[in-house]
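**Q** Give me coordinates for this.
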Amino acid sequence: MQNWKKSICLIFAIFWHSSAVTAGSGEKCVEALLAAGYKVNLTSVDIIATNTGSVRYGWKTKNIQCDTVGDEIIRLSVDDKLLIENGFPSTEAAELFIYMKNENGSMLESCQARFYGVIETFDTIYLPKLRSFDADLEQIKSQFDENFSKISRDFFVEKYYEQQAPLRRLEAYDDLLNHGDGSQLERNECIFVADEALEREEVFQAAISDLLSEVDALEGALEKRDDILARLQNELSAARSRENTLLDELKKFEKPRKLAQIEEYLRQKKFISATELFEDISAKFELSVSDMKRLEIIAIEAVRPIPAADREKNKEGYGFLGKLDKTNKFYQNKIRVYSN
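**A** This is a model prediction of the structure:
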């Protein structure tokens with residue numbers, strides 16, 4: 001009788017454990033397979049507990065194996081093709097997870113080191129002062145508040161938000177300038193950023209003019225107002241620094257915008273304007289082979305339909321091509337023909 005009861009309990013326990021496993025990690029396997037394009041269900045699955053502590057779900061008819069630990073899929077294969085290994089669908093994803101985990105660990109270690117450093121500072125610096133008979137409590141509190149503010153959460157949060165706007169601006173510039181081709185640099189986003197930069201340049205120029213006027217007005221009182229002059233000079237220096245930074249940013253947009261203007265002149269057959277702008281941009285920037293080739297193709301397409309009787313327009317068109325490629329004998333000969 002006792003053996004019979006034990007058997008019933010064992011069967012019930014196995015059934016309950018199997019059901020719990022199937023309902024949890026088994027559904028994870030089904031969801032992952034559906035996402036990969038394989039339709040399966042849990043009614044035809046074989047469940048095996050491996051000696052490594054994982055649970056294996058198998059569909060023999062489709063040669064599918066799904067190994068899980070808890071609710072996580074460790075390995076998933078279909079017809080010996082690995083879809084998931086070590087919990088991730090790619091080696092890059094696994095490496096990124098390890099990187100993120102290490103970064104979090106480093107941040108935690110840094111916070112712990114800073115915390116224990118604060119405790120050590122408190123014990124070695126503040127505690128002896130507080131126990132002194134002639135302790136200046138206001139001075140101690142002021143020093144503590146000042147130092148503590150530099151390691152507090154509020155301090156780092158404030159510094160983080162201060163850097164968000166310039167970081168987003170630099171990321172936008174980097175994305176536009178390093179990851180876009182010539183056509184992308186003509187996108188509305190690029191023009192919008194450039195226009196915004198120009199507006200800021202005008203504001204900075206106005207601020208500089210105001211500061212210079214204020215400096216001129218205070219020249220007669222320099223000896224008595226050294227502190228005011230020093231402050232204004234610092235502000236002026238900072239404004240000029242911002243101006244130089246902004247001008248450097250604007251230069252990055254000057255080349256693509258002028259190239260686009262040359263292309264527009266060529267399509268409109270304004271060859272003289274295109275030549276003048278080409279000479280200007282060539283003196284400031286080094287044009288790539290692809291830039292030169294593109295301008296040449298657009299110029300040829302603009303010159304080709306011009307009637308031979310229109311000698312002046314042909315001379316202007318081939319004049320631009322001659323500037324573009326000074327070693328091209330065909331262009332030089334055309335210039336001589338239409339100039340005579």
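**Q** Let me see the ranges of the strands in this protein.
**A** If you assign secondary structure with DSSP state E, the strands in the chain sit at 46-49, 55-59, 64-69, 72-78, 81-85.
**Q** Could you report the neighbour count for Asp291?
**A** Using other CB atoms under 10 Å, Asp291 is surrounded by 17 other residues. For glycine as for every other residue, the C-beta is placed from the backbone atoms N, C-alpha and C.
**Q** That one against Leu259, yeah?
**A** Yes - using CB atoms under 8 Å, Asp291 and Leu259 qualify as a contacting pair, with a distance of 6.2 Å.
**Q** just the helices in this structure please.
**A** Ranges of helices within the chain are 2-21, 27-35, 91-121, 127-130, 137-149, 153-178, 188-217, 226-267, 271-284, 289-303, 311-324, 329-339, based on DSSP state H.
**Q** and the fifth one, which residues are buried?
**A** It refers to helix 137-149. When neighbours are counted by 16 or more other CB atoms under 10 Å, the buried residues of helix 137-149 are found to be Phe144.
**Q** Okay, angle between that helix and helix 91-121 too, please.
**A** Following axes from the mean of the first three to the mean of the last three CA atoms, to 10 degrees, one obtains 170 degrees for the angle between helix 137-149 and helix 91-121.
**Q** re earlier: among the strands of the chain, which is nearest Ser132?
**A** Distances from Ser132 to each of the strands of the chain were compared using CB to CB; the shortest belongs to strand 72-78, at 58.1 Å.
**Q** ok, that closest one: who's next to it in the sheet?
**A** According to DSSP bridges, strand 72-78 forms sheet pairs with strand 64-69 (antiparallel), strand 81-85 (antiparallel).
**Q** deepest of those strands, which one?
**A** Mean neighbour counts were compared across the strands paired with strand 72-78 using mean count of other CB atoms under 10 Å; the top stretch is strand 64-69, at a mean of 20.
**Q** Name the residues that touch that strand?
**A** Defining contact as CB atoms under 8 Å, 6 or more residues apart in numbering, one finds that strand 64-69 is touched by 25-26, 28-29, 32-33, 38, 40, 50, 53-58, 73-78.
**Q** Now, of these, which are buried?
**A** Among the contacts of strand 64-69, those scoring as buried are 25-26, 28-29, 32-33, 40, 54-58, 73-76, 78 (criterion: 16+ other CB under 10 Å).
**Q** any low-confidence regions in the stretch 151-300 of the chain?
**A** 151-157, 159-161, 163, 165-167, 169-195, 198, 219-225, 229, 247-252 (pLDDT under 70).
**Q** give the contact list for Glu285.
**A** In this structure residue 285 is Phe, not Glu. The neighbourhood of Phe285, defined by CB under 8 Å, 6+ apart, consists of Glu254, Lys255.
**Q** Next up, phi/psi of it, please.
**A** For Phe285, the backbone dihedrals are phi -130, psi 160 (criterion: degrees, to the nearest 10).
**Q** can you tell me how far it sits from Glu243?
**A** Going from Phe285 to Glu243 by CB to CB, to the nearest Å gives 21 Å.
**Q** And the chain, what are its domain boundaries?
**A** With automatic domain parsing serving as the domain definition, the record reports that the chain contains domains spanning 2-89, 152-267, 268-339.
**Q** any chance of these in CSV, with distance to Tyr99 too?
**A** Formatted as CSV, the domains of the chain follow (distance: least, CB to CB, whole Å):
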stretch, distance to Tyr99
domain 2-89, 13
domain 152-267, 20
domain 268-339, 35
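**Q** out of the ones you listed, deepest packed?
**A** The highest mean neighbour count among those, using mean count of other CB under 10 Å, belongs to domain 268-339: a mean of 15.
**Q** That one spans what distance, first to last residue?
**A** Distance across domain 268-339, first residue to last, is 22 Å (CA to CA, to the nearest Å).
**Q** Show the contacting residues for the closest residue to Ala207 other than its chain neighbours.
**A** Residue nearest to Ala207 in three dimensions, not counting chain neighbours: Ala239, with 5.5 Å by CB to CB, 6 or more residues apart in numbering. With contacts defined as CB under 8 Å, 6+ apart, Ala239 is in contact with Phe204, Ala207, Ile208, Leu211.
**Q** circling back to that earlier point, same list (the strands of the chain) but as JSON lines, adding mean pLDDT and distance to Ile281.
**A** Conversion of these to JSON lines gives the following (pLDDT from 0 to 100; distance: least, CB to CB, whole Å):
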{"stretch": "strand 46-49", "mean pLDDT": "86", "distance to Ile281": "71"}
{"stretch": "strand 55-59", "mean pLDDT": "88", "distance to Ile281": "65"}
{"stretch": "strand 64-69", "mean pLDDT": "89", "distance to Ile281": "61"}
{"stretch": "strand 72-78", "mean pLDDT": "87", "distance to Ile281": "56"}
{"stretch": "strand 81-85", "mean pLDDT": "85", "distance to Ile281": "53"}
